[in-house]
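**Q** sequence and predicted structure are below.
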Amino acid sequence: MTATTTADTMRDRFARVTSELLDEDPRLAVVLAEIGVAGFARARRRHPDRVINVGIREQLMISVASGLALTGMRPIAHSYTPFLIERPFEQVKLDLAHQGVGAVLVSVGASYDASDNGRTHQAPEDVALISTLPDWTIHVPGHPDEAELLLRHAVTADGNVYVRLAAQANVAPMPIEPGRFHVVRRGSRATVIAVGPMLDRTLDATAELDVTVLYGTTVRLFDAMTLRAELPAPAVVMVEPYLQGTSAPWVSEALRDTPHRLLSIGVRRMENRHYGTPEEHNEAHCLDVASLRRRIGQFLGG
Amino acid sequence: MTDTTITGGPVSAATLGYDDLSRLIALMTGDEKHSTSADSTLDVLWILYDRVLNLTPATLDDPDRDRLLLSKGHGPMAYYAVLAAKGFIPIETLATFGAYDSPLGHHPDRMLIPGVEISSGSLGHGLPIGVGVALGLRAQARQSRVVVLVGDAELDEGSNHEAIALAGRLALDRLQVVVVDNRSATYGWPGGIAPRFEIEGWASATVDGRNHDALAAALTAEHAGQPHVVVAEVEAGA
């Protein structure tokens, strides 16, 4: 079994569910910067004052979300990962939590879904960046059903929430609970935490290994309680679909009183000047099943 | 550590007048005779709070209140003096300006001061946020006025131009920008500031930023179907 792109993508589900929520909740508003406009065409006709396309103006997109929230509304801002998080990062920092208001930021593109578009459309640094700010919730769904559940949860909440959608997805959804790691299976030699779309590949790679596998779809807050409770041996493997080591400080903090080893697996810090498919980029970053099997096996010492 | 947040509500029944502002600013600067001409925003702020905005300490949380977003967060003493004169913050608080436990920093923080609509300091945030506030009020069918105060040098920040273009195209007629022009932008604005708004669909007025009646007239002028910019010209370097 390998990660696949399902017919109903997370992005499709986002547009459909958000359009339904716009009908139900008069506080909800969507702010777009051209990306994703087609998916909201019908919703925009029904709610022209609450589906707002600001044009190719990403700083303004975040600031408009802030202004909407200052009037008591619940805004969702949406774009490709680098244009939602990196380009307007000061607006994300100063116009939301610093103003005491909240928004839901929903990205598409993940680390390199847009593999053939090159570096400009790729942002494996996003989760690390948001993690520098206080009081953010970060959801990384691995399946459209999980994306829907986490999105509905995010819209109902009041704070700042980042929902990271991806084209690469697991074949089946898991019975997740927002904020908690889900125990997929239990073993004795280590705890492997697979985040979002990394689950299927991680399960394939560890099929022959006697390890506990946890599944994370919320990484901030970091579910330290479940990690501490599900630690058969002091060895942790963190498998993340974004910048390698992003959650290492949170593992370290969760296990601060437990001598332990940690293997951080994720997107490598490099300028990978290649196009092609996401699967080819998985291989380049050693995130394919064979590489995961080799790396985790070496870490456990055969 | 003491709680530095000022709780809301009127702090003084009797409010003060324009002539008291220099004394209030002196409480922050320590100058015996502070010259109000040193504060480029003072007259605009006074006229807004005294004659234009539907906003009092008693209506701070009213969703239909008018809103002033001070984007030019630098040199906020004139702002704090006006807020104190109008009863939003206790006069005694002015003397704590800039201290660790003071709510009054060198840039204002909306989480610490009642009546401050945005926390500012980094330039180019207020006008884009103001566009969002105007859109939020429009979506809720509220008629409140949204006034954003910026400086001429602050217009260097490109984020303002994203906001100017969109506000014009979306005809955000509850939005008004006051540009306090003390000619502090290093490279200036050839052809003037107002035309940069007009070409995007804004109505405009350029007035003497020290003339109270002219300011009041410009700030209360009708601008149906268009956002409005008032360029308030003051002495260079003020």
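**A** Perfect, I can see it now. Residues are numbered from 1 along each chain as shown, chains lettered A, B, ... in the order given.
**Q** all contacts plus neighbour counts: C-alpha atoms, from now on.
**A** Will do.
**Q** okay, helices next: where are they in the chain?
**A** Reading this off chain A. Counting by DSSP state H, the segments of chain A that form helices are A:10-24, A:41-46, A:58-70, A:81, A:89-94, A:126-130, A:144-156, A:199-205, A:224-229, A:248-254, A:278-284, A:289-300.
**Q** wrong chain, I was asking about chain B
**A** B:21-29, B:42-47, B:77-85, B:126-139, B:158-169, B:194-198, B:212-219.
**Q** could you find the closest non-adjacent residue to B:Arg210?
**A** Residue nearest to B:Arg210 in three dimensions, not counting chain neighbours: B:Asp43, with 5.8 Å by C-alpha to C-alpha, 6 or more residues apart in numbering or on different chains.
**Q** for the one you found, give me its contacts.
**A** Counting by C-alpha atoms under 8 Å, 6 or more residues apart in numbering or on different chains, B:Asp43 touches B:209-212.
**Q** what's the most buried one of the helices of chain B?
**A** Comparing those by mean neighbour count (mean count of other C-alpha atoms under 10 Å in any protein chain shown), helix B:126-139 ranks first with a mean of 28.
**Q** list of residues touching stretch B:162-177?
**A** A:54, A:57, A:59-60, B:127-128, B:130-131, B:134-135, B:143-150, B:197, B:200-202, B:223-230.
**Q** picking up where we left off before, can you lay out the helices of chain B as CSV showing mean pLDDT?
**A** Shown next, in CSV, are the helices of chain B (pLDDT from 0 to 100):
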stretch, mean pLDDT
helix B:21-29, 94
helix B:42-47, 97
helix B:77-85, 96
helix B:126-139, 98
helix B:158-169, 98
helix B:194-198, 98
helix B:212-219, 98
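**Q** to A:Asp8, which of those lies closest?
**A** helix B:126-139 (31.4 Å; C-alpha to C-alpha).
**Q** name the helices or strands packed onto the closest one?
**A** Applying 3 or more C-alpha pairs under 8 Å, 6 or more residues apart in numbering or on different chains; DSSP states H and E, one finds that helix B:126-139 makes contact with helix A:58-70, strand B:67-70, strand B:146-151, helix B:158-169, strand B:175-181.
**Q** ok, now with 10 Å
**A** strand A:28-32, strand A:51-53, helix A:58-70, strand B:67-70, strand B:146-151, helix B:158-169, strand B:175-181 (3 or more C-alpha pairs under 10 Å, 6 or more residues apart in numbering or on different chains; DSSP states H and E).
**Q** ok, the nearest residue to B:Lys86 once chain neighbours are set aside - contacts?
**A** Nearest residue to B:Lys86, sequence neighbours excluded (C-alpha to C-alpha, 6+ apart): B:Thr15, at 5.3 Å. Going by C-alpha atoms under 10 Å, 6 or more residues apart in numbering or on different chains, B:Thr15 touches B:84-88.
**Q** flag every residue of chain B that's near chain A.
**A** Within chain B, the positions lying close to chain A (C-alpha under 10 Å from any C-alpha of the partner chain) are B:63-64, B:109-111, B:117-122, B:124-141, B:158-163, B:165-167, B:170.
**Q** let's see that with 6 Å instead.
**A** Applying C-alpha under 6 Å from any C-alpha of the partner chain, one finds that chain B approaches chain A through B:128-129, B:132-133, B:136, B:139.
**Q** give me the buried stretch members for stretch A:275-286, please.
**A** A:278-279, A:281-282, A:285-286 (16 or more other C-alpha atoms under 10 Å in any protein chain shown).
**Q** lowest-confidence helix or strand of chain B?
**A** helix B:21-29 (a mean of 94; mean pLDDT, DSSP states H and E).
**Q** same for that one, what does it pack against?
**A** Secondary-structure packing of helix B:21-29 (3 or more C-alpha pairs under 6 Å, 6 or more residues apart in numbering or on different chains; DSSP states H and E): helix B:77-85.
**Q** so what secondary structure elements neighbour the helix it packs on?
**A** Against helix B:77-85 (3+ C-alpha pairs under 6 Å, 6+ apart) you get helix B:21-29.
**Q** give me the distance from the helix it packs on to the chain's centre.
**A** Mean C-alpha position of helix B:21-29 versus that of the full chain (C-alpha atoms, centre = their mean, to the nearest Å) differs by 18 Å.
**Q** and the angle from it to helix B:77-85?
**A** 110 degrees (axes from the mean of the first three to the mean of the last three C-alpha atoms, to 10 degrees).
**Q** about what we covered before: got JSON lines for the helices of chain B, with distance to A:Val140 too?
**A** Below are the helices of chain B laid out as JSON lines (distance: least, C-alpha to C-alpha, whole Å):
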{"stretch": "helix B:21-29", "distance to A:Val140": "49"}
{"stretch": "helix B:42-47", "distance to A:Val140": "46"}
{"stretch": "helix B:77-85", "distance to A:Val140": "43"}
{"stretch": "helix B:126-139", "distance to A:Val140": "28"}
{"stretch": "helix B:158-169", "distance to A:Val140": "30"}
{"stretch": "helix B:194-198", "distance to A:Val140": "42"}
{"stretch": "helix B:212-219", "distance to A:Val140": "48"}
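**Q** in contact with B:Pro108, which residues?
**A** B:Ser119 (C-alpha atoms under 6 Å, 6 or more residues apart in numbering or on different chains).
**Q** thinking again about what came up before, out of the helices of chain B, nearest to A:Ala110?
**A** Using C-alpha to C-alpha, those put helix B:158-169 closest to A:Ala110, at 25.7 Å.
**Q** before we move on, back to that, out of the helices of chain A, the one nearest chain B is which?
**A** helix A:58-70 (3.7 Å; C-alpha to the nearest C-alpha).
**Q** check which helices and strands the closest one sits against.
**A** helix B:126-139.
**Q** any idea how far the residue nearest to B:Asn182 when sequence neighbours are not counted is from B:Arg183?
**A** Once flanking residues are discounted, B:Asn182 sits nearest to B:Ala236: 4.5 Å by C-alpha to C-alpha, 6+ apart. Distance, B:Ala236 to B:Arg183, using C-alpha to C-alpha, to the nearest Å: 5 Å.
**Q** which of these two has more neighbours?
**A** B:Arg183 (18 against 10; other C-alpha atoms under 10 Å in any protein chain shown).
**Q** how close does the more buried one sit to B:Phe197?
**A** Per C-alpha to C-alpha, B:Arg183 is found 17 Å from B:Phe197.
**Q** columns distance to chain B and pLDDT on top of the buried residues of stretch A:275-286, output as TSV?
**A** Listed next are the buried residues of stretch A:275-286 as TSV, based on distance: C-alpha to the nearest C-alpha, whole Å; pLDDT from 0 to 100:
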residue	distance to chain B	pLDDT
A:Pro278	33	97
A:Glu279	37	97
A:His281	34	97
A:Asn282	36	97
A:His285	36	97
A:Cys286	39	97
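**Q** could I get those as CSV with distance to A:Thr156?
**A** Converted to CSV, those look like this (distance: C-alpha to C-alpha, whole Å):
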residue, distance to A:Thr156
A:Pro278, 33
A:Glu279, 35
A:His281, 35
A:Asn282, 34
A:His285, 36
A:Cys286, 37
